[in-house]
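> for reference, the sequence and a predicted model appear below.
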Amino acid sequence: MSTIQDQDLALLVDARAKSHLVKVRAGQKFETHHGIIPYDALIGQPWGCIVHSSLGHPYLVVPPSTADLITHIKRSSQVIYPKDSAYIMMRMNIKPGVRVLESGCGSGGLTLALASAVMPTGHVYSQEIREDFIALARRNLERAGLDAFVTFIHADSTQGFNIQPPVDAVFLDMPQPETCVAQARAVLKDGGFFGSLLPTTNQVSHLLRALAQAGFGLIEVEEILLRRYKPVPDRLRPHDRMIAHTGYLIFARAIAAPHPQPPFVSPSADAEDDAPAGN
């Protein structure tokens, strides 16, 4: 049976589904306006148990998911939502053993997801121009126990990437990724994966032009919408509010020189264009 141990990260969820990410520390305690829970009362208990605070409020104790870790990080900038980061992992083939370059770490939300995916034999290189962002992201990675799989680089990405090429994938998380597309291609292996996320269509247009000029193909632009439902069997219905648009996801593949003109489009786009018209 898997039990809660000293130094484990745990998610405490109250009766109203409000969650708290904590690090279990022997001899210390978790405190809220609902009362106190000594961490010693958690150690040795099975995951999924229910404990009560000093005021009698119940808390469910479960191990956090990667999405939970991202949701609860300390932030100074907007993070990439789990609904987007999970899809990024799949589309860019991020898996154990991969070397991936990220430009623009922000608060470290995507960095955390990348590190979780490449461990234990892969590595994430995160290049960022702002030292305060690096400091915050490093603290968030340390809290999650994933800092060993990330190297932070303080540098201006428009001047190139300070990394030994080639890498398997590059993700640009910055307002003007088109200024770093050529630099990204220089360190990305042939056939490698490119990704970026942008909030507006005019930014996407600038990036699309730069990708075509730098020798990328299979270019796609996508958007992920996630709709949550109230899990009540007798009156199942959508939640009243939803996080709709978060950003446009742009994916591409590095093509070996000489570059085809025009660049190959994505297989899904070909299939859609070739489909017969409906009645």
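The structure has been received and is ready for your questions.

> backbone dihedrals for Leu141, both of them.
Main-chain torsions, Leu141, degrees, to the nearest 10: phi -70, psi -40.

> list the buried residues in stretch 34-44.
Residues of stretch 34-44 classed as buried: His34, Ile37, Tyr39, Ala41, Leu42, Ile43 (neighbour count, 16 or more other C-beta atoms under 10 Å). Using the backbone N, CA and C atoms, a C-beta is placed for each residue, glycine as well.

> of the residues you listed, closest to Glu128?
Tyr39 (33.9 Å; C-beta to C-beta).

> shouldn't that closest one be in contact with Glu31?
No. Counting by C-beta atoms under 8 Å, Tyr39 stays clear of Glu31, with 11.0 Å between them.

> which residues of the stretch 51-200 of the chain fall in helices?
Secondary structure of the stretch 51-200 of the chain (DSSP state H, counting those that start in this stretch): helices at 66-71, 82-91, 109-118, 131-144, 181-187.

> so which residues make contact with the second one?
Where contact means C-beta atoms under 8 Å, 6 or more residues apart in numbering, the residues beyond helix 82-91 that reach it are 66-67, 70-71, 80, 94, 109-110, 113-114, 117, 171, 193, 195, 197, 222, 224, 226, 243, 246-247, 249, 251.

> buried ones among these?
Judged by 16+ other C-beta under 10 Å, buried ones among these: 66, 70-71, 80, 94, 109-110, 113-114, 117, 171, 193, 195, 197, 246-247, 249, 251.

> residue ranges with poor pLDDT in the stretch 1-150 of the chain?
Applying pLDDT under 70 to the stretch 1-150 of the chain flags residues 1.

> can you give me the domain assignment for this protein?
Taking automatic domain parsing as the domain assignment, the ranges for the chain are 9-64, 67-274.

> reformat the ones you listed as TSV; add distance to Thr3.
Below are the domains of the chain laid out as TSV (distance: least, C-beta to C-beta, whole Å):
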stretch	distance to Thr3
domain 9-64	5
domain 67-274	18
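
> please identify the most buried of those domains.
For these, the largest average neighbour count (mean count of other C-beta atoms under 10 Å) is found in domain 67-274, namely a mean of 17.

> figure out how far that one is from the centre of its chain.
Here domain 67-274 shows a centroid-to-chain-centroid distance of 8 Å under the convention C-alpha atoms, centre = their mean, to the nearest Å.

> swap in stretch 14-30?
With C-alpha atoms, centre = their mean, you get 23 Å for stretch 14-30.

> run through who's touching it.
By C-beta under 8 Å, 6+ apart, stretch 14-30 touches 4-13, 32, 34, 36-40, 42-43, 57-59, 64, 68-69, 72, 143.
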